[in-house]
Structures are given as C-alpha cells and as structure tokens.
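K.L.:
Structure of the sequence below:
(4 chains)
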Protein chains: 2
Amino acid sequence: MDPVSTVHVAEFRRFNRYFTRRIGALDDHYLGQDRPLGEARLLFEIGEGVSLRELRTRLGLDAGYLSRMAKTLQAQGMVRISVHPGDSRLRMVELTRAGRIELDEQNRRADALAAGLLDGLTGPQRDRLTEAMSTAQRLLRLAGITVARVDGAAPDARACLDAYAADIDARFPEGFDKSDLVRPEEVSGNAGAFFVAYEEGRPVGCGALRRLEPRVGEIRHVWVHPDARRLGLARRILAALETEAAARRLAVLRLDTHASLTEARTMYLACGYTEIPPYVDHVYGDYWFEKRLTG
Amino acid sequence: MDPVSTVHVAEFRRFNRYFTRRIGALDDHYLGQDRPLGEARLLFEIGEGVSLRELRTRLGLDAGYLSRMAKTLQAQGMVRISVHPGDSRLRMVELTRAGRIELDEQNRRADALAAGLLDGLTGPQRDRLTEAMSTAQRLLRLAGITVARVDGAAPDARACLDAYAADIDARFPEGFDKSDLVRPEEVSGNAGAFFVAYEEGRPVGCGALRRLEPRVGEIRHVWVHPDARRLGLARRILAALETEAAARRLAVLRLDTHASLTEARTMYLACGYTEIPPYVDHVYGDYWFEKRLTG
DNA sequence: AGATTCATTTGACTAAAGTCAAAGATTATG
DNA sequence: CATAATCTTTGACTTTAGTCAAATGAATCT
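P.N.:
Okay, here's the model as predicted:
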C-alpha cells in the first residue's frame, strides 16, 4: 500500500487536537459533574448486565481498581453485583433503578451540551456536519480493522462461519444447511486459506480461499458482521484473498453467490469479476463469477 | 433558529464517543509516555517563548500548579524561565535545546501513530477522511463562534477595526486611510450597532450597522480574521446585522465594497443583495448593493 | 505617594487514578 | 485428580492532578 502522505497526517492530527481539546475535554467535564470521571465512565459502560471481566478489558482497567470502583457504585445503590450463573468466578454488574436514573440524567446533560453546540449552525450546516462525522467515523473504523490469516479450525474462524451460516439461513428463502460450509482442512495449508477481520480484537468478518483445480481457486464465505457493514470491509477481505491467491500463483478466481445477495453481486462486479456459466453445482449458487489475476 | 433534531445530536454524540475513546485516549497515552500528561501538554504549548500568564489562561490551569510544573520542567532542563523584559511580574518560558528535542520526539511519535492508523486505508479513502475531517472541523469551529453586540467604543470593537484597516490597507492598491472607519458614536445607541464575533473568547470578526436616513441603514466593515476565514462567518455576521436592522424597523440595507474584494461581492449577491447605482460618494466604494428587508 | 491590582511562588492540603502483589475461590486442562 | 490458569478481592502503596490561601515583588491607578 502507498505510504501515508504528510498532508494526511497533518490534517488528521490537526483535527485530533482540535476535537479532543474542544469537545473531549468539555464532555468529560460535564459527564462527571457529581462523581469521579472513572465512576461516571463505568456507569456509562454498564448497560444491561456486563461482567467485570468484560469491563476490565473494555476499559483497560486494573482489576483491583475496577473492583473497588464497582464496590463504591454498589454502596451508592447505583449497581447490583451478582455471581455469574455459569461461571462463579465472574461477577455480573447491572444498573439498579437509581443507576438508570443517574445514567439518563447523564445522557440528558450530554445531549443538551451537544444540542447547545449544534445550535449555532443552520439546518443545512448541521446536515453537512452530521454527514462529515459519519463519513469520518466509517473510515476511521475501517482503518482500525485488520484482516489476518488464521487456521481454518481456529475458534475465531469457526465463530465467523457459524455467524455467517445463521445470517444467511435467515436471508435465504430456502434456509441454509451448515454442511455446505468449508471444512477446516479445505482452507488450511496447501488446500486454501482462511482470513478473519478483527475490529478491536473482535472478529467482524471472514473470507475463505479454496483450491479448486491447478491454478484455479475459489472464494467462499465472504461475510461481514452486521455491525461492521457499509464500511468497505468486504472489499478489504476480498483484496486479502486475492493477494493470497496471487502469492499461490493462481491464475483464476471463481465464486458463486445467491440470488438474494444483491449487494454481493454488485461488489464482485465492481471489483473486476465477470459473470460466467456455472462451474460447479453448488446448492446455493445462482450467479457465478470469475476474475483473472494479473501479475 | 430551528431546534436541533435528535438525529443530529445522536450522530454527534456517537462520533464524539467513538473518537475520544479510540483516538483521544490513544493519543494521550503515547504523548505522555515518559512524563505526566500535564507536563507533556505544557511542553507542547510552549512554542517560541510564552508567558506563564498566557499558558495559564490558555490551558486553564491553577497558578500554583502551573508554577510548579514549569519548575519541574526547568529542573529537567527542558525549559528556560526568564523575567519578561517589559513587565517584571511576568515570567517567560521557552524551550531549551533539550526541550525542543523532546518535543520533536513527541511529534514524531504522534505522527507515526497517525500514519499507522491511516495506513489501513487506500489513497482515495484517505482523501475522503481528510476531507470529512476538515469539513467537520470547519463546522465545529463555526458552531463555537458567537456574534455579540458590543459598544462601538469597546476595546474589542476598536481592535477589530484596527485589524480590518491593516488588512485592507495591504489589499487595496491605493492603501486605506483609517479616517474612513466609522466613529464609535455612529454605531452606538440609536445611530447604529456594532457586532463582534468571538471564538473561544478572542475577537475574530466584526460588522457595523449605521443609520443612513430614515428606514435606511448601511452595513460597513464586515471583516473576518484571516484565521477564521472560509468558515461561513461573514454570513453569520451579516445575518446578525440584518436581524438588528429588522428590529430597528429598517426597510432597506445598503453597502458598498471595493473592487479588489471579489469574495465579498459574491457573498453579498448570494445573500440576496442586488447591485445598485452609487448612493453616496465613498472613497473606497467601487460596487454598491442594496437589500430590502421583509417582515 | 499610597492603595490597589496583578503575576507568581510557596506551603499545606485533598481527591482521583492507578499500580502491585498476595490470597481466595473457581474452573479448565493434561 | 493434581496442577495450572482465571477472576476477583484486599491491603498497601505511589503518582498525578488539582485546590486554596498567604506572601512577595512589581506595576498601575488615583
């Protein structure tokens, strides 16, 4: 990939500085008006029952520190702490009614603050700001996602495939039978490869490459978690698969896709794939595509 | 102005949360790797010699706290502290060579961090991100600027007019004579009004309204500080002047502008002003405009 | 000239944030 | 089934951040 230009870095940092100084600081200040910021943040992160473990990793806190803060909140009647039903080492934290009220108040304040800020803009300006922010956020998210090769039998790989199966089972009118999924050995070693996309440590997408015949590969199970859609992640996964295919000296990549996945079809066309006659009799294949790899 | 929709507030807050958590936190963490954040920030704010007073107001710090931090940095050889030549109550702080080296290192790290983040995007995506960020920043800045009526003789008003005069003196081929500026009494009380735009407490623009004849007002000296241009601030000032004119039951607003100020001409046309024949013999007037106020 | 204001320094605090390690209770694993 | 790993709690800290008030020396106002 091309090196990052200093112009981009400078603009990024300029925005970064401006935003954290102007908005971040303000937000923190109003958020933690009646209690320490740490506690306020904690309260905010406890939705409908989280484990301390989850909070600890999510907020990157020291176990002892967190334990004490949770205890303080409990003493104030803001949260209820209970033992996790399945694993009694874990503690579950959930908001009490009082906690929920305080959180609502916190949100109300933050909303008022945001509204006060936006108040100085006209309607169209607000639209443009909203548009710019959502674009920036989408791109920042995409930038933070890494696509890594993992073993086809790895838990993350299987978790993705399970989610993929459940997802399309709900979308295909005829449902989806998991036996159609690639087997781990089909996407390991010489036979193929499996890629998982990670956002902040969590798998949010996948894609498989499988050897069909000499110099011909097949792409399967390109999937993106619903939370990570519309970021351009499928293309990133596809690019990773193509790079891998090129490294394996494959000349042609083929794939099929289901009639109900119109976005997928559009994407493959946009990525240089052309429609071809069926190359194999897949149960769920309605459209077949191929791309010749150059170089 | 129309009320702020919840959609805008929600998107604003979503971005806010995402950004501060993902980028802000990261930045702080890497910035203050070897020293407390407060000190790191201080080091960053000391450019080529600032007074403690300036730092104190800019960063909103307690005088004692700042004094001690500066002393720590001095003891570490990062800064030099000297007495202000003109006013020996003030202390000037400037970076030593070692301080500059550390600051460079800080910047290098932050740049590398930004570059690493942008690395996951393609060229066009980086362009779009940069574009979105600069749009967002422009609009956020604009949202934070307030336009307030001040007395025509107030120091802020005169400071703006002086800056305005210096600005156009440099732009007009024939220069500009300050005697053409409105006198304080022309824009006070019944005679007229003067508005100053403030960004974070600093005056960044102005505009004057002057009574020409019954029911007719004149707009003069609409000016925006070079640092605050391209935000749409002139329109905001103009809107404030028009609102004031409407409140005074003026039916017509007139103004003139110089040939060399092409952007101004475009703006007036876009804001509903139409060109008219000269209504008065101003020294620097090349184009004359008028707008009828409705309602 | 005397009073007032201003910028800074110093001493004496407090609260928040965070670290580290030991220990106890469970659960996973070879 | 013994051992290792995991999650949490507790005690004993440290550092950072920040506040408040009195004191000092200098500038400004009347």
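K.L.:
Could you use CA atoms for every contact and neighbour count after this?
P.N.:
Will do.
K.L.:
can you give me the strands in chain A?
P.N.:
For chain A, the strands defined by DSSP state E cover A:50-51, A:79-83, A:91-95, A:145-150, A:192-199, A:202-213, A:216-224, A:252-257, A:274-276, A:287-292.
K.L.:
what's the most buried one of those strands?
P.N.:
Ranked by mean neighbour count, the strands of chain A are led by strand A:192-199 with a mean of 24 (mean count of other Cα atoms under 10 Å in any protein chain shown).
K.L.:
Minimum distance to DNA strand D: which of the strands of chain A has it?
P.N.:
Ranking the strands of chain A by proximity to DNA strand D (Cα to the nearest atom of the strand) places strand A:91-95 first, at 4.1 Å.
K.L.:
Could you tell me which residues of the stretch 51-200 of chain A lie near DNA strand D?
P.N.:
Residues of the stretch 51-200 of chain A that fall close to DNA strand D, judged by Cα under 7 Å from any atom of the strand: A:51-53, A:56, A:63-65, A:67-68, A:70, A:89-92.
K.L.:
Let me see the domain layout of chain A.
P.N.:
Chain A is divided into the following domains under automatic domain parsing: A:6-140, A:144-292.
K.L.:
Please identify which of those is closest to B:Leu241.
P.N.:
domain A:6-140 (15.9 Å; Cα to Cα).
K.L.:
A:Ala148 contacts A:Gly201, correct?
P.N.:
No: A:Ala148 lies out of contact with A:Gly201 (Cα atoms under 8 Å); the separation is 11.3 Å.
K.L.:
What ranges does chain A have for its helices?
P.N.:
A:6-19, A:25-31, A:37-45, A:52-59, A:63-75, A:97-118, A:123-144, A:155-171, A:233-247, A:262-270 (DSSP state H).
K.L.:
A:Arg220 - nearest residue in space that isn't next to it in sequence?
P.N.:
Leaving aside its sequence neighbours, A:Arg220 sits nearest to A:Ala208 (Cα to Cα, 6 or more residues apart in numbering or on different chains; 5.0 Å).
K.L.:
Looks like that neighbour contacts A:Gly192 (just checking).
P.N.:
Yes: when contacts are counted by Cα under 8 Å, A:Ala208 is listed as touching A:Gly192 (7.5 Å).
K.L.:
pLDDT-wise, which helix or strand of chain A ranks last?
P.N.:
helix A:25-31 (a mean of 69; mean pLDDT, DSSP states H and E).
K.L.:
Distance check, A:Gly60 against B:Glu185.
P.N.:
Distance of A:Gly60 to B:Glu185, computed by Cα to Cα, to the nearest Å: 61 Å.
K.L.:
Point out where the stretch 51-200 of chain A drops to low pLDDT.
P.N.:
For the stretch 51-200 of chain A, no stretch has pLDDT under 70.
K.L.:
will you turn the helices of chain A into a markdown table that also has mean neighbour count?
P.N.:
Output for the helices of chain A, formatted as a markdown table (neighbours: other Cα atoms under 10 Å in any protein chain shown):
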| stretch | mean neighbour count |
| --- | --- |
| helix A:6-19 | 17 |
| helix A:25-31 | 15 |
| helix A:37-45 | 17 |
| helix A:52-59 | 15 |
| helix A:63-75 | 15 |
| helix A:97-118 | 17 |
| helix A:123-144 | 20 |
| helix A:155-171 | 17 |
| helix A:233-247 | 19 |
| helix A:262-270 | 14 |
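K.L.:
okay, those in TSV with distance to B:Glu275 next?
P.N.:
Below are those laid out as TSV (distance: least, Cα to Cα, whole Å):
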stretch	distance to B:Glu275
helix A:6-19	39
helix A:25-31	45
helix A:37-45	57
helix A:52-59	61
helix A:63-75	67
helix A:97-118	34
helix A:123-144	27
helix A:155-171	62
helix A:233-247	53
helix A:262-270	50
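K.L.:
and of these, who's closest to B:Asp256?
P.N.:
Using Cα to Cα, the helices of chain A put helix A:123-144 closest to B:Asp256, at 28.1 Å.
K.L.:
Centre of the chain to the closest one, how far?
P.N.:
Centroid separation between helix A:123-144 and its chain, computed with Cα atoms, centre = their mean, to the nearest Å, is 17 Å.
K.L.:
other SSEs contacting that helix?
P.N.:
Counting by 3 or more Cα pairs under 8 Å, 6 or more residues apart in numbering or on different chains; DSSP states H and E, the packing neighbours recorded for helix A:123-144 are helix B:6-19, helix B:97-118, helix B:123-144.
K.L.:
go again using 10 Å as the cut-off
P.N.:
helix A:97-118, strand A:192-199, helix A:233-247, helix B:6-19, helix B:97-118, helix B:123-144 (3 or more Cα pairs under 10 Å, 6 or more residues apart in numbering or on different chains; DSSP states H and E).
K.L.:
Need the max-distance pair from the residues of the stretch 51-200 of chain A next to DNA strand D.
P.N.:
Counting by Cα to Cα, the most remote pair of these is A:Tyr65 and A:Arg89, 17.5 Å apart.
K.L.:
Spatially, what comes nearest to A:Trp288 if we skip its sequence neighbours?
P.N.:
Nearest to A:Trp288 is A:Asp256, by Cα to Cα, 6+ apart, at 4.3 Å.
K.L.:
A:Leu118 too?
P.N.:
Going by Cα to Cα, 6+ apart, A:Leu118 has B:Ala143 as its nearest residue, at 6.1 Å.
K.L.:
Could you pull up the contacting residues of the one you found?
P.N.:
By Cα atoms under 10 Å, 6 or more residues apart in numbering or on different chains, the residues touching B:Ala143 are A:116-122, A:125-126, B:137, B:199, B:231, B:233.
K.L.:
next one: A:Asp281
P.N.:
For A:Asp281, the contacting residues are A:Asp256, by Cα under 10 Å, 6+ apart.
K.L.:
With A:Ser260 instead?
P.N.:
Contacts of A:Ser260 (Cα under 10 Å, 6+ apart): A:168, A:171-173, A:286.
K.L.:
hang on, the earlier thing: how about the domains of chain A in CSV, adding distance to B:Leu238?
P.N.:
What follows is the domains of chain A, written out as CSV (distance: least, Cα to Cα, whole Å):
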stretch, distance to B:Leu238
domain A:6-140, 14
domain A:144-292, 40
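K.L.:
Identify whichever of the ones you listed lies nearest to DNA strand C.
P.N.:
Nearest of the domains of chain A (Cα to the nearest atom of the strand): domain A:6-140, 3.8 Å.
K.L.:
Do that closest one and DNA strand C come into contact?
P.N.:
Yes: legend: contact between domain A:6-140 and DNA strand C by Cα under 7 Å from any atom of the strand is shown at A:35-39, A:61-65, A:86-89.
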